[in-house]
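*Asks:* below are the sequence and a predicted model; questions follow.
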Amino acid sequence: MSAELRRLFPEGTKGLRNEECERGKPRHEPPLRFVPSVSINDEGDDDTYNKSITVELTNKTTMKVVPYIFDNGEGFLGYQKQFEYILSQQEAKVKWIKLESLLDDTETKISATSANTIVTKEKKERKRLIESRDMLKKKMEAILSKAFTLYQQMSGPALRAEWDDIVQEHCFTPGWLDANKVASATARGQGWDELAECKRLHLMTVMDVDAAERGINYLEVTVK
């Protein structure tokens, strides 16, 4: 069941007896029960979104996280907040920025040595720098990949499927328009800006575009 459909059904009926889902004294079993809080997948088994996952915060600490489903807008925004909290505890962006600084310094040193040098010492040093540059890039990519995967793991089954589609379309599909409105022949790849945009697009699968504006208008009317 998609997140869009899930939010159309009532929640909070877990624990109610069948007869409590009808008004008045029932004469027979209700023909249609309320949809339970635990959804059923295609194989007829309970989804595993209510089973917690263990997330590493530091080398010595972890925390339990229950994958999120869409109950309401406030809860979904809380999901974003917890995700950012975990990233900050892992110091993901801090580590990535340090690696980026080292990468820039390494690139500068590489460019200072000619690729056609015949000096043995310079050739060895240039080779070492290139290997170091490639290793730094892999470490930076690993941090970003871990961040994208963390968000996916923190999503319940319905939200997870939609997240995977968004990441595939936004990060790994060529043909997107650049700043000059020119279609790119390559994919964007994963980056912090791409992560933020994927999160925004994911939010739009369960929230209306003008939800904030309508909420403000509602508050203004009720206060008056």
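*Replies:* Structure's in. What do you need? Numbers count the residues shown, from 1 in each chain.
*Asks:* now do the lengthiest helix in the chain: which elements does it pack against?
*Replies:* Across the chain, the longest stretch assigned as helix under DSSP state H is helix 120-153. When contacts are defined as 3 or more CB pairs under 8 Å, 6 or more residues apart in numbering; DSSP states H and E, helix 120-153 sits against strand 53-56, helix 73-90, helix 92-111, helix 157-171, helix 192-204. For the C-beta atoms, the positions are set from N, CA and C on the backbone; glycine is no exception.
*Asks:* send me stretch 92-105 as PDB with only the CA atoms.
*Replies:* Taking only C-alpha atoms (Å, rounded to 0.1, in the frame of the first residue of the first chain), the coordinates of stretch 92-105 have been written out as PDB:
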ATOM      1  CA  ALA A  92      28.900  12.800   8.300                       C
ATOM      2  CA  LYS A  93      29.100  16.300   6.800                       C
ATOM      3  CA  VAL A  94      32.000  17.300   9.000                       C
ATOM      4  CA  LYS A  95      34.000  14.300   7.900                       C
ATOM      5  CA  TRP A  96      33.000  14.900   4.300                       C
ATOM      6  CA  ILE A  97      34.100  18.500   4.400                       C
ATOM      7  CA  LYS A  98      37.500  17.500   5.800                       C
ATOM      8  CA  LEU A  99      38.000  15.000   3.000                       C
ATOM      9  CA  GLU A 100      37.000  17.600   0.500                       C
ATOM     10  CA  SER A 101      39.700  19.900   1.800                       C
ATOM     11  CA  LEU A 102      42.300  17.200   1.600                       C
ATOM     12  CA  LEU A 103      41.100  16.400  -1.900                       C
ATOM     13  CA  ASP A 104      41.500  20.000  -3.100                       C
ATOM     14  CA  ASP A 105      45.000  20.100  -1.600                       C
END
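*Asks:* what does that stretch contact?
*Replies:* The contact list for stretch 92-105 (CB atoms under 8 Å, 6 or more residues apart in numbering) reads Leu87, Arg133, Leu136, Lys137, Lys139, Met140, Ile143, Leu144, Lys146, Ala147, Trp192.
*Asks:* contact partners for the last one?
*Replies:* In other words, Trp192. Under the criterion of CB under 8 Å, 6+ apart, the neighbours of Trp192 are Lys93, Trp96, Leu144.
*Asks:* how about a cut-off of 10 Å?
*Replies:* With contact set as CB atoms under 10 Å, 6 or more residues apart in numbering, Trp192 has these partners: Leu87, Ala92, Lys93, Trp96, Ile97, Ile143, Leu144, Ala147.
*Asks:* quick revisit: mean neighbour count, the helices and strands packed on helix 120-153: which tops it?
*Replies:* Each of these was assessed for mean neighbour count using mean count of other CB atoms under 10 Å. The highest is helix 157-171, with a mean of 18.
*Asks:* Phe172: neighbour count?
*Replies:* Using other CB atoms under 10 Å, the number of residues around Phe172 comes to 11.
*Asks:* quick check: pLDDT value at it.
*Replies:* Phe172 is assigned a predicted lDDT (pLDDT) of 94.
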